[in-house]
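# Just the structure for this:
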Amino acid sequence: MTTPTHQLLFQPTDVLFFRDGRPMEGATSGHGAAWPLPHVLDAALHHALRRADLGNLHQHRLARNGKKLAEDREELGRTFGALQNAGPFPVTIEKDGSETWHFPRPLDAQGSGTATTHRPFLGCGDLFAASSNELHPVINTVAPSKEKPTPWLTRSEFESSLVAKSIENAGNKDSDLFESEHTIGIGIDASTSCTKEGAFYSASYLRLRPETRLGLLTHCQDKKAGDVIMQAFKNSGSRTHIMVGGQQRTGTLTRTTPVSLPLPLGVRDDFPSALVPGSNGPEEKHLVRWILLTPAIYPEIEGNAEKGIPVHPGGSLPTWIAPDTKELRLRTRPSRQPGQSREAWRKEVANAPFIAAKLVAALTGKPLPVTGWAATAIHQETQRTDSSLAGARSTHLAVPAGSVYYFACDTANAAQQLADALNWHGQAGTTDSIAGSQIRNRRSSLLGEKGYGLGICAPWHPHSLSQNPQP
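Predicted coordinates for the structure are as follows:
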């Protein structure tokens, strides 16, 4: 029996503090009012599960090639290694008790409604025509405006933008969901527990509206204990106190188990075709775009010739896209046949062909710094934890939610394969009975289990010269 994905709604008892890596000294204000990144709620849920004091848990040990690298299980702290999350997203509780989930607006829908405002320009003859290995520009098709679009869309508004249905005056402003509060604080000396001399600082805090919650989707099937989310938060709808973010801010958590998840569903068929410039002239391609619902992290890869690992710059370019040719490096995933061994199936997957698709354009936002703090760290030589290595973790720059990647696929079948590989719900389409019941794809190279790399697919249409922006 498949363990269901649970829905958790967090309601704070006071303001929240989610600071980034910027300092809080002198004239620098502490930036703690940002919407929390996925790993922040993941850490809070990990701590809540530990405080639940559950027994008979599977012990995840660090190993390589079947050999254990450490004996002390408690030092590594790898309990609940099966925990997988998605979120957090803003959720408003309506007057009738219903829930409305909100998602970051796509960067190619920057008008007052949900209509697409930005399109890749594939060129006309030699005018702006990109070579076969370059990305095409993304053109704004509407007149310039100082009016900023609302940053949050509901699920219905988001899905309408995927199929070219426009809803005017759609979305919510940040102030509709939360506010930022600024206060002055006094620094404390950790060694004496007394006030630091002259250690005044300014900090901003996140205050949710009374009807706003932090929405999280979570799943954790322990090999021994089973569904630990159900055990830690036993009664559906009951409130459990947990601590979230900096300064150990508290709140209550309520759990429900929805039949289908409240995330928008992506498109997986009927993608349009267009002529795309190629090395041997224009070629007919099927057009698929991928929109991020949550941030994604693509680190730089140094490469290893002996292991066949190529060099990759990372950053805003996904690591599953070849940096030189922009061709996709995701394989088709054959289904496991009845009676087929896992080893034979894995060999079949490893030898499967790549999906015949190529990245032709991208529209990404300002990168988000992702960092953290470790109480202990694993020593590289001894593979044991060492408190002397504690401190700030490496900072990664994540592609923000709402970023859009545009692909050109060789065939209609390849377009559907790409959608099945990139949609968070996989092959489950909008007409399937199991649509949206499980998260199957997390396309972030790092921290995917914490909620990074969730996205949905939709068709796109290229910009033409008849759609030039108004002066």
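
# can you pull out the helices in this structure?
Applying DSSP state H to the chain gives helices spanning 38-51, 73-76, 155-162, 174-177, 228-232, 342-350, 412-422.

# Go through the first one and flag the buried ones.
Across helix 38-51, burial judged by 16 or more other Cβ atoms under 10 Å covers Pro38, His39, Val40, Leu41, Asp42, Ala44, Leu45, His46, Ala48, Leu49. (Each C-beta comes from the backbone N, C-alpha and C, glycine too.)

# Just the CA trace of that helix, in PDB.
Provided in PDB are the C-alpha atoms of helix 38-51 (Å, rounded to 0.1, in the frame of the first residue of the first chain):
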ATOM      1  CA  PRO A  38      11.800  24.900   1.200                       C
ATOM      2  CA  HIS A  39      14.800  23.600   3.400                       C
ATOM      3  CA  VAL A  40      13.700  25.800   6.300                       C
ATOM      4  CA  LEU A  41      10.400  24.100   6.800                       C
ATOM      5  CA  ASP A  42      12.100  20.700   6.100                       C
ATOM      6  CA  ALA A  43      14.400  21.300   9.000                       C
ATOM      7  CA  ALA A  44      11.600  22.300  11.300                       C
ATOM      8  CA  LEU A  45       9.700  19.200  10.400                       C
ATOM      9  CA  HIS A  46      12.800  17.000  11.100                       C
ATOM     10  CA  HIS A  47      13.000  18.500  14.600                       C
ATOM     11  CA  ALA A  48       9.300  18.000  15.200                       C
ATOM     12  CA  LEU A  49       9.600  14.300  14.300                       C
ATOM     13  CA  ARG A  50      12.600  13.900  16.600                       C
ATOM     14  CA  ARG A  51      10.700  15.500  19.500                       C
END
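
# Make residue 1 into 12 and carry on from there
Sure thing, new numbering starts at 12, so read that last one as helix 49-62.

# quick revisit: for Arg454, state which of the buried residues of helix 49-62 is nearest.
The shortest gap between Arg454 and any of these belongs to Pro49, at 13.6 Å (Cβ to Cβ).

# okay, the helices of the chain, which one's buried deepest?
Mean neighbour counts were compared across the helices of the chain using mean count of other Cβ atoms under 10 Å; the top stretch is helix 423-433, at a mean of 23.

# so where is the stretch 312-461 of the chain shaky, pLDDT-wise?
384-403, 439-447 (pLDDT under 70).

# one more time with 50
In the prediction, the stretch 312-461 of the chain carries residues with pLDDT under 50 at positions 389-399, 442-444.

# quick one on the thing from earlier: let me know which of the helices of the chain is the nearest to Pro275.
Across those (criterion: Cβ to Cβ), the nearest stretch is helix 166-173, sitting at 4.5 Å.

# what packs against that closest one?
strand 110-115, strand 466-470 (3 or more Cβ pairs under 8 Å, 6 or more residues apart in numbering; DSSP states H and E).

# give me that answer again for 7 Å
strand 110-115 (3 or more Cβ pairs under 7 Å, 6 or more residues apart in numbering; DSSP states H and E).

# ok so, going back, out of the helices of the chain, nearest to Trp471?
Smallest distance to Trp471 across those (Cβ to Cβ): 9.9 Å, for helix 166-173.

# residues in contact with the closest one?
Counting by Cβ atoms under 7 Å, 6 or more residues apart in numbering, the neighbours of helix 166-173 from elsewhere in the structure are 112, 114, 117, 120, 125, 127, 178, 181-182, 273, 275-276, 278, 469.

# next one: that helix to chain centre, how far?
In terms of Cα atoms, centre = their mean, to the nearest Å, the centre of helix 166-173 is found 18 Å from the chain centre.

# how long is stretch 168-187 end to end?
Taking Cα to Cα, to the nearest Å, the first and last residues of stretch 168-187 lie 16 Å apart.

# now do stretch 273-281
For stretch 273-281, the first and last residues are 24 Å from each other (Cα to Cα).

# hmm, back to that, quick one: which of the contacts of helix 166-173 is nearest Glu158?
Using Cβ to Cβ, Gly182 is the member of these that sits closest to Glu158, with 12.3 Å.
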